[in-house]
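Asker: Okay, here's the prediction I keep looking at, along with the sequence it came from:
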Amino acid sequence: MRYILHVTSRALPGREQDYDRWYDEIHAAEVLALPGFLSCDRYDELGPDGQPTGTFVAHYGVETDDPAALLQSLFAAVPTMRLTDAFDPDSASFSFLRPHG
């Protein structure tokens, strides 16, 4: 079944450009090399006033019969990935979106 893995995260204050460069040039490709990961779209979250909240959103198109196992495979791959010190690790949040209807 296809899902969207909805990931939110933040850069450390003042490091947004470094974070974006890392995500676009390194991280997304590393994640997409993992089995089950099909696509990645990134967004800046905006508040009701249309202003950026500082939260970044990534939507990964994934195909799996077991979303929890897919997420665990991502976490297991993290030690082999090139990470950045511009990322606020405490800000990361993960959830799945399932097609409805």
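Answerer: Received it, and whenever you're ready, just let me know what you need.
Asker: pretty sure Y19 is in contact with F56, am I right?
Answerer: Yes. If you go by Cβ atoms under 8 Å, Y19 and F56 touch, sitting 7.4 Å apart. For every residue, glycine as well, the C-beta is placed using N, CA and C.
Asker: any common contacting residues for those two?
Answerer: Jointly contacting Y19 and F56 under the rule Cβ atoms under 8 Å, 6 or more residues apart in numbering are A11.
Asker: what about the strands in the protein?
Answerer: 2-11, 37-46, 52-63, 87-97 (DSSP state E).
Asker: okay if I get those strands as TSV plus mean neighbour count?
Answerer: Output for these, formatted as TSV (neighbours: other Cβ atoms under 10 Å):
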stretch	mean neighbour count
strand 2-11	18
strand 37-46	13
strand 52-63	17
strand 87-97	13
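Asker: Ok, which of those comes nearest S73?
Answerer: strand 37-46 (9.2 Å; Cβ to Cβ).
Asker: Can you give the distance of the closest one from its chain's centre?
Answerer: 7 Å (Cα atoms, centre = their mean, to the nearest Å).
Asker: again, but for stretch 86-95
Answerer: 9 Å.
Asker: quick one: average pLDDT of that stretch?
Answerer: Mean pLDDT, stretch 86-95: 97.
Asker: which helix is the longest one in this structure?
Answerer: helix 67-77 (DSSP state H).
Asker: Specify the angle between that one and strand 37-46 in degrees.
Answerer: Using axes from the mean of the first three to the mean of the last three Cα atoms, to 10 degrees, the inter-axis angle of helix 67-77 relative to strand 37-46 is 90 degrees.
Asker: Buried residues, helix 67-77. List them.
Answerer: Neighbour counts over helix 67-77 (16 or more other Cβ atoms under 10 Å) mark P67, L70, L71, L74 as buried.
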